[in-house]
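K.L.:
after the sequence you'll find the predicted model.
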Amino acid sequence: MNAILKTIFAKHQDRPGALLPILHDLQHALGYVPDDAGPLIAKELNLSRAEVHGVITYYHHFRRTPPDRHVVQVCCAEACQANGSEALAAHAAKHMRNGEVDVEPVYCLGLCSIGPNIQIDETELHAQVTLSKFDALMQELGDGK
Amino acid sequence: MNDLDYGTPAVDSTREVTLNIDGVSVSVPAGTSLMRAAVKAGVMIPKLCATDSLAPFGSCRLCLVEIEGRRGYPSSCTTPAEAGMTVRTQTPKLAELRRNVMELYISDHPLDCLTCAASGDCELQSTAAQVGLREVRYGMHGANHFVAARKDISTPYFIHNPAKCIVCNRCVRACEEQQGTFALTISGRGFASRVTAGQGESFMESDCVSCGACVNACPTAALIEKSAVKLGSAERDVITTCAYCGVGCGFKAEMKGTQVVRMTPWKDGKANEGHACVKGRFAWGYATHKDRITRPMIRAKTSDPWREVSWDEAFAYAAKEFRRIQQKHGRNAVGALVSSRCTNEEDYLVQKLVRAAFGNNNVDTCARVCHAPTGYGLGQTLGTSAGTQTFKSVEKSDVILLIGSNPSEGHPVVGSRLKRSVRAGAKLIVIDPREIDMVTAPHARATHHLKLRPGTNVAMLSALAHVIVTEGLLNEQFIAERCEKQAFDDWREFAARPANAPEAMEAVTGVPAADVRAAARLYATGGNAAIFYGLGVTEHSQGSTAVIAVANLAMATGNVGREGVGVNPLRGQNNVQGSCDMGGFPDIYPGYRHVSDSATRELFEKAWSVSLQPDPGLRIPNMLEAALDGSFKGLYCQGEDPAQSDPNTQHVQAALAAMECVVVQDLFLNETAKYAHVFLPGASFLEKDGTFTNGERRISRVRKVMPPLAGKADWEVTLGLAAALGYPMHYEHPSQIMDEIAHLTPTFAGVNYDKLEQMGSVQWPCNDKKPQGTPLMHVDAFVRGKGRFFNTQYVPTDEKVTPRFPLLLTTGRILSQYNVGAQTRRTENVQFYGEDVLEIHPHDAEERGIRDGDWVGIQSRAGDTVLRATVTERVQPGVVYTTFHFPESGANVITTDNSDWATNCPEYKVTAVQLVKVEQPSAWQMRNAREDKEQKKLLAGAKR
């Protein structure tokens, strides 16, 4: 982690308000923000450990533990809700498997006209996800591992 | 016991605006909040997240008001008053809004007011009453934070009970704005928002320094003192002054009968303005510790058991011994040490006793071993042996040069002030061998850290001067108007010499020349530049030279005589400034007038009806030398512990053992008392009236809140001894002693207890010319007339690293312990720091096979001792560091008797040492432990 952080710090050197960009980069690299990173980030940015902790815990996006193999984010913002994302989320929750698939809510993926939407592993976006389409996607995930 | 809370801080503006609040016309400085303006108009607007020690926050939504011509309900704490505004704070709509908000708060608060420790002192309770809350329609059964909440009782002095928390953020903001530690945060968001220490750990594990600012700020019982929980609410409060460091914080002793419930920082105390540290705020339990000795005791030999006697018998015995010694060995065979912890009045009496009753000038103070070089250096250059500013003045600084001082440990409230200035934009230069907290404090990182080798301050300061002189950064106009020309010309030529260039000094200081040049340029050109320094400057063989070099820098750049600049020595003990001012030196009378000055001497001779000696007496080290020679046999030691605090312990112990009558006046049987023949019980600061003078020359009242445990205050003890010596002095109250001091001392002429009552405190000089005192010195001219430069040739200390002693040991302090630790070791502060440790750099540790926590033997040419190692990069390679708070550590067994050339101030900060890994304590430590046990046995037999 120290080597990764060093690279990230170098990238954001002298950037005002670098805390959030650093946290994003770290989570992108490791999948989460380990508690051990707190003191190092605090020292680098001349903040206190508590301040860094406050920011990490404020944003649901930042994970403090390693994620499962796959993270499925179901949009629960208004437009998707109007298109049935509540039912989708309830259905998705049944697919949660420890260590394999984690399902979590997300608030708006920017595709409001073609919801309900999901995002897999923060890379693939899928629109107009019906329950059966969801099952098919999960099947693919399971096959691909 | 709360003072009036204006809700938001005062605003410093010369422009006034007039507005109308609830029909009352009120004028306030522009920028003042509506909330504060309302208080001035006699209207208390309900509030929870606002308090006048913190910047407005606007989160609690209770202080809403209506402003004519504006829409909505703005929060009065965040809305500045404007000219012509018409504000309504009480309307039916506002009342409804406030009640609704309050209802939400209370729906998530346990309703156990009757058994709550904050009952009667709870802002949530009083605000609920203020807004007329009568029902909670949501019931108490919804989601809440109090059922599962767990108390954090990890720190010794206060509890954190999240059940009672309303997440107003005041604690978090107090930790940030007042203290500057940033140990707290709000974790989570929305309903999950909670006050959290560190990264979700306990307060004790977090960066919390237990200053108590969060506890002060808390409007409920979420953060509350354990003592208040245990004892209940106070009946009265008494304003007094802290007896720890030289910052001199004002406190309110909150009392129940003669029992202290808690000490809370006094908002109107000018040194601290409502802030405090863990020592003053919480560590007062020593005052009633079971180790307090409350009966006078005597013994013929130090190997005899102590015998409790009456006061009169103790006085008579001591007096008889002193007179016997004087008859046999001469008038000069006895002397006294004035305490830097006692009051001005008490210090004055001891030096009076020495000069008038002993008939010599053998009186000295522990300033000898700390800030004597400050007295000398600033006296020579500027004309006054004291700091030039108020602490508050640093708010106007653009650059702060901190050298040889670790204020966040040693002077925490000043440390917090400095950090606040740095956060507000001031640039900080730290000159210190260690990476002290000030170097990397959150949001207050130092611009430069010149990590010099111990013992090279003068080289560093001369190099800074070189840059200022040779790069054209002098303030020529200031120098021409304010300083002696010839001395300046000499100095300018000296400073410009190539030998003083940062490049030439690099080999000496170990600091890259470019860094030194950059720091010098910043100091000279960055605007208002203030210098703060401490014992890291004075406790060297060239301590006085370094103080002079500091004053040279300030004069050369014109940084003296206005707000935001100046030279600020941080004095170690509560009244070390006062003990010096009161003539606690062998060569000066009160007010720094030399004993050889016949006009002054006649003044005192007349007032005291005795003839006085014109020759200076012995300094502490001279007394000790003379004791070993056999010419000094009797010592009256008031509130000082040279056997622990002075360098080369074995030398001090031998000298004390050679004396025939050692009289110790102290709260506890200290290390020196092990060599004493007479023990006179002292009184804590809670047990007497008097005054302390802090490092900014501020004279503040100390007020008695409980009767002396031993029946006499320290001043009364000195009176008893003086009477037994045949020189009775007559005072009914310390105020009369102060009247005598004022009568005889021009700088104190205007000081009296009535004025102190009225003004709260006053900074000397205070006389006819300056009846309100002198916050800022040397404004139009220096006290000595023209400021004087002196050349500061760097002379390396004799204490050099050699193959035999290849490392340099330097010493310092830690936040939770104070000086020799006699007080703080007898409080729960030992939970923070229970033993002195040796800091060592990983390289040096590895070379010697030393791991973290190992026992390490430290040898110097003076002696050896054993401490536990802490491996850390805080120190540089080649340098080791320890503190001296615990007698069993024997830190001063290693320090040598090298001392400052001008004042004999010991060179505590540089000792060449070698380290070896060991398995057992040193021979000295084992002997000391044995003797400690024996002496405790001799004490146990004393009880009648």
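P.N.:
Looks like it arrived, so ask away. Every value quoted in this text rests on a predicted model; they were computed, and no experiment measured them.
K.L.:
and chain A, what are its domain boundaries?
P.N.:
A:2-58, A:70-144 (automatic domain parsing).
K.L.:
who touches B:Gly274 in this structure?
P.N.:
B:Ser53, B:Gln178, B:Asn216, B:Pro265, B:Trp266, B:Lys267 (C-beta atoms under 8 Å, 6 or more residues apart in numbering or on different chains). C-beta: built from backbone N, CA, C; applies to glycine.
K.L.:
quick one: which of those is nearest to chain A?
P.N.:
Chain A has its nearest neighbour among these in B:Gln178, at 14.5 Å by C-beta to the nearest C-beta.
K.L.:
which sections of the chain are below the confidence cut-off?
P.N.:
Going with chain A. A:98, A:143-145 (pLDDT under 70).
K.L.:
my question was about chain B
P.N.:
B:1-2, B:943-944.
K.L.:
quick check: residues of it near chain A?
P.N.:
B:181-189, B:196-200, B:206-207, B:440, B:442-445 (C-beta under 8 Å from any C-beta of the partner chain).
K.L.:
of the residues you listed, buried ones?
P.N.:
With burial judged by 16 or more other C-beta atoms under 10 Å in any protein chain shown, the buried subset of the residues of chain B next to chain A is B:181-187, B:196-200, B:206-207, B:442-444.
K.L.:
contact residues of chain A facing chain B?
P.N.:
A:35, A:38, A:42-43, A:46-54, A:57-60.
K.L.:
what helices or strands is the lengthiest helix in chain A leaning on?
P.N.:
Ordering each helix of chain A by length in residues (DSSP state H) puts helix A:131-144 first. Packed against helix A:131-144 by the contact rule (3 or more C-beta pairs under 8 Å, 6 or more residues apart in numbering or on different chains; DSSP states H and E) you find helix A:85-93, strand A:118-120.
K.L.:
7 Å instead?
P.N.:
Judged by 3 or more C-beta pairs under 7 Å, 6 or more residues apart in numbering or on different chains; DSSP states H and E, the packing partners of helix A:131-144 are helix A:85-93.
K.L.:
can you report phi and psi for B:Asn369?
P.N.:
Careful, residue B:369 is Val; it's not Asn. phi -100, psi 10 (degrees, to the nearest 10).
K.L.:
residues in contact with it?
P.N.:
Contacts of B:Val369 were listed using C-beta atoms under 7 Å, 6 or more residues apart in numbering or on different chains, and they are B:Ser645, B:Asp646, B:Cys905, B:Pro906.
K.L.:
contacts only, for the closest residue to the second one other than its chain neighbours.
P.N.:
Distances taken as C-beta to C-beta, 6 or more residues apart in numbering or on different chains put B:Val652 closest to B:Asp646, at 5.0 Å, once the chain neighbours are dropped. With contacts defined as C-beta under 7 Å, 6+ apart, the neighbours of B:Val652 are B:Leu624, B:Pro642, B:Ala643, B:Asp646.
K.L.:
check A:Ala90 too.
P.N.:
A:Ala90 touches nothing, counting by C-beta under 7 Å, 6+ apart.
K.L.:
for B:Val717, give its distance to B:Val350.
P.N.:
In this view, B:Val717 and B:Val350 are 10 Å apart by C-beta to C-beta, to the nearest Å.
K.L.:
the two: who's more crowded?
P.N.:
B:Val350 (31 against 27; other C-beta atoms under 10 Å in any protein chain shown).
K.L.:
which helix or which strand is home to that one?
P.N.:
Assigned by DSSP states H and E, B:Val350 belongs to helix B:344-352.
K.L.:
now do that helix: distance to the chain's middle.
P.N.:
21 Å (C-alpha atoms, centre = their mean, to the nearest Å).
K.L.:
relative to whichever helix or strand comes after it, what are the paired strands and their orientations?
P.N.:
The C-terminal neighbour of helix B:344-352 among helices and strands, as given by DSSP H and E, is strand B:363-365. Strand B:363-365 pairs in its sheet with strand B:334-338 (parallel), by DSSP bridges.
K.L.:
so which bits of the partner strand are buried?
P.N.:
Here strand B:334-338 shows B:Val334, B:Gly335, B:Ala336, B:Leu337, B:Val338 as buried, counting by 16+ other C-beta under 10 Å.
K.L.:
how about the second one: what's its closest non-neighbour residue?
P.N.:
To tie it back to what came earlier, the one meant is B:Gly335. B:Gly335's closest residue in space is B:Asn362 (C-beta to C-beta, 6+ apart), at 2.8 Å.
K.L.:
in chain A, which residue is closest to the centre?
P.N.:
Taking C-alpha atoms, centre = their mean as the criterion, A:His61 is the residue nearest the geometric centre of chain A, at 4.9 Å.
K.L.:
kindly apply the preceding question to chain B instead.
P.N.:
Central residue of chain B (C-alpha atoms, centre = their mean): B:Cys245, at 2.5 Å.
K.L.:
is that one in a bridge, and if so with what?
P.N.:
Beta-bridge partners, per DSSP bridges, of B:Cys245: B:Gln573.
K.L.:
pretty sure it contacts B:His411?
P.N.:
Yes - contact between B:Cys245 and B:His411 holds when scored by C-beta atoms under 7 Å: they sit 5.3 Å apart.
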